[in-house]
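Enquirer: Sequence first, then the predicted structure, then my questions.
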Amino acid sequence: MLLQDEQYVLQWLSQYGALPKAQLLRLLKKPQSTGEKILRNLKRSLLISDVGGGYYLGTDAMSKPDRRTILAIWVLLEFIDRVDARAHYPAVYPAQLFFLKENIGYEIVVLYEGEEHLLKLLRPEEDLKYIIVLPFAGMVSKLKLPPVPCLFATVDFNGAEEPSVTFYAEADADGAE
């Protein structure tokens, strides 16, 4: 029988595909040594495997990391202390991830340059907010936003394993570069 945390790791990898080990450790919300022990036990039981030389972990060695999902999870991790382990999951395209925080639903949408038109596919609902992840903040001026609250974010690795996530309100992002 698997421990609750081990079940969570398997659920996340089944939902999202291969993820960086650093993300799984942060999703677990445990001390790093405890998180690493959980991942080691799952590997030893052959329930998860190294992917991409061990940077990623997946349910099997052939799992393919999805860059958009990984960026969305980095943004989710900024709120993880206020999000239950079962309160996040893949969203409907073009969004990558849905999560509940304090009884409000958030969808994270990762856009690359030239994909501004994908926002037309969103189906805004009451009590739903969007976090739109962009390659650079100045891209906000090109967006036709849905009629619901939107927050913007950029994810910058700057050579580090874990990126910095910067949030912008619409007014902040319009003039930023």
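Expert: That came through fine. Residues are numbered from 1 along each chain as shown.

Enquirer: what comes up buried for stretch 136-148?
Expert: For stretch 136-148, burial by neighbour count (16 or more other C-beta atoms under 10 Å) applies to 137, 139-140, 143, 146. From N, CA and C alone the C-beta is placed, and that goes for glycine too.

Enquirer: And those, which is closest to H88?
Expert: Using C-beta to C-beta, P146 comes nearest to H88 of the buried residues of stretch 136-148, at 20.5 Å.

Enquirer: Tell me the pLDDT of that closest one.
Expert: Looking at P146, its pLDDT reads 85.

Enquirer: do D172 as well
Expert: pLDDT recorded at D172 is 57.

Enquirer: Over to the one 5 residues further on?
Expert: Per-residue confidence for E177 comes out at a pLDDT of 44.

Enquirer: re the thing from before, mind checking which of the buried residues of stretch 136-148 are in helices?
Expert: The members of those all map outside helices under DSSP state H.

Enquirer: just so I have it, where are all the strands in the protein?
Expert: Secondary structure of the chain, counting by DSSP state E: strands at 19-20, 49-51, 56-58, 88-90, 97-101, 104-110, 128-133, 150-156, 164-168.

Enquirer: Sheet partners, orientation included, of the third one?
Expert: Pointing back at strand 56-58 there. strand 19-20 (antiparallel), strand 49-51 (antiparallel) (DSSP bridges).

Enquirer: Point to the residue nearest the middle of this protein.
Expert: Computing the C-alpha centroid of the chain and ranking residues by C-alpha atoms, centre = their mean puts I73 first, at 1.4 Å.

Enquirer: From S141, how far out is that one?
Expert: 27 Å (C-beta to C-beta, to the nearest Å).

Enquirer: To W12, which of the strands of the chain lies closest?
Expert: The nearest among the strands of the chain, by C-beta to C-beta, is strand 19-20 at 6.7 Å.

Enquirer: quick check, nearest of the buried residues of stretch 136-148 to P163?
Expert: A137 (14.7 Å).

Enquirer: was I right about the closest one contacting L151?
Expert: No. Using C-beta atoms under 8 Å as the test, A137 is too far from L151 to be in contact (11.7 Å).

Enquirer: How much space separates G17 from F136?
Expert: In terms of C-beta to C-beta, G17 sits 26 Å off from F136.
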